[in-house]
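1. build me a model from this:
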Amino acid sequence: MTLMVRFTNRAGEHMTMSYGEQILAARRRAGVSQSAVARKAGIHPTAMVEIERGRVEISEAQYHRLMAAVTALESAHEEAVSAGGRA
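-> Presented below is the predicted three-dimensional model:
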């Protein structure tokens with residue numbers, strides 16, 4: 001059974017995405033690589049690819065750990081950019 005995330009997008013449409021699709025979308029919005037997220041979350045980069053493709057199911061706890069990694073990397077990226085550095 002694939003676990004899904006339900007949300008409302010900016011246009012007010014109700015959407016449903018798998019955990020992997022949601023992680024992929026968040027990672028792309030944040031502008032961070034799969035390998036960076038995998039490293040931050042403590043998983044193998046190949047596992048990250050498989051999760052985003054929906055080939056590997058993850059638990060809710062794993063989903064939250066990966067989303068936290070994306071958020072942390074996004075924050076670090078934004079801080080580096082605002083400080084005049086490059087990310």
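
2. the helix of greatest length in the chain packs against which elements?
-> Ordering each helix of the chain by length in residues (DSSP state H) puts helix 60-82 first. Secondary-structure packing of helix 60-82 (3 or more C-beta pairs under 8 Å, 6 or more residues apart in numbering; DSSP states H and E): helix 19-30, helix 34-41. Yep, even glycine has a C-beta here, placed from its N, CA and C like the rest.

3. can you do 10 Å?
-> Applying 3 or more C-beta pairs under 10 Å, 6 or more residues apart in numbering; DSSP states H and E, one finds that helix 60-82 contacts strand 4-8, helix 19-30, helix 34-41, helix 45-52.

4. Tyr63 is nearest to which of these?
-> Minimum separation from Tyr63 across those (C-beta to C-beta) falls at helix 19-30, 4.4 Å.

5. dump the helices and strands packed on helix 60-82 to a markdown table, plus distance to Gln62.
-> Listed next are those as a markdown table, based on distance: least, C-beta to C-beta, whole Å:
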| stretch | distance to Gln62 |
| --- | --- |
| strand 4-8 | 13 |
| helix 19-30 | 8 |
| helix 34-41 | 8 |
| helix 45-52 | 8 |
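
6. and the ones you listed: which comes nearest Ser59?
-> Closest of the helices and strands packed on helix 60-82 to Ser59 is helix 19-30, at 8.9 Å (criterion: C-beta to C-beta).

7. quick check: buried residues in that closest one?
-> Buried residues in helix 19-30, counted by 16 or more other C-beta atoms under 10 Å: 19-24, 26-27, 30.
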